[in-house]
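J.: got a predicted structure plus its sequence, pasted below:
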Amino acid sequence: MTVPRRTVDVVAAVIRKGDKVLAMQRGYGEFKDGWEFPGGKVEPGESPKQALAREIEEEMAASLEVGELLCEVGYDYPAFHLRMRCYVCTLRSGYEMLEHEAQRWLGPDDIDSVAWLPADLQVVEAIKPRLLGR
């Protein structure tokens, strides 16, 4: 009998600036050095949009306008199942990298140039036709 995996419920911001999206490189933890869309865990009692605004404030010291739901991704990592809801967002302010070691604005020609984390690869594929026109 297999034990069901725990599900980790997270949200991610697909932050746009023109025809580019913001990618962040993790600076800590099991997935250090992998590239992702910024965000984090939804806490009990929070809506996904509230969680995303809080996480971006904590990770980037930034104010965020959370827009439409772009996609929802399910991915089985070895230790857990990830449920990630991804929203199209814009920054209302400047930002700092408080938890990441690098960042890049990626457009249609270089969106595939970084080593995306596996779940985030699914988001990249959703972005290409909808946001980047590919």
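T.: It's in.

J.: and residue 122, helix, strand or coil?
T.: What DSSP: H, G, I helix; E, B strand; the rest coil gives for residue 122 is helix.

J.: list the contacts for it?
T.: Residue 122 sits next to 71, 73, 75 when contact means Cβ atoms under 8 Å, 6 or more residues apart in numbering. Using the backbone N, CA and C atoms, a C-beta is placed for each residue, glycine as well.

J.: where does the protein have low pLDDT?
T.: The chain contains residues with pLDDT under 70 at 1-4, 131-134.

J.: quick one: buried residues of stretch 64-83?
T.: 64, 66, 70-71, 73, 75, 82-83 (16 or more other Cβ atoms under 10 Å).

J.: mind putting those residues into JSON lines with distance to residue 47 and secondary structure?
T.: Listed next are these as JSON lines, based on distance: Cβ to Cβ, whole Å; DSSP: H, G, I helix; E, B strand; the rest coil:
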{"residue": "64", "distance to residue 47": "14", "secondary structure": "strand"}
{"residue": "66", "distance to residue 47": "10", "secondary structure": "strand"}
{"residue": "70", "distance to residue 47": "16", "secondary structure": "strand"}
{"residue": "71", "distance to residue 47": "18", "secondary structure": "strand"}
{"residue": "73", "distance to residue 47": "18", "secondary structure": "strand"}
{"residue": "75", "distance to residue 47": "22", "secondary structure": "strand"}
{"residue": "82", "distance to residue 47": "19", "secondary structure": "strand"}
{"residue": "83", "distance to residue 47": "15", "secondary structure": "strand"}
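
J.: in CSV: the residues you listed, plus distance to residue 24.
T.: Shown next, in CSV, are these (distance: Cβ to Cβ, whole Å):
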residue, distance to residue 24
64, 13
66, 17
70, 17
71, 18
73, 17
75, 18
82, 17
83, 20
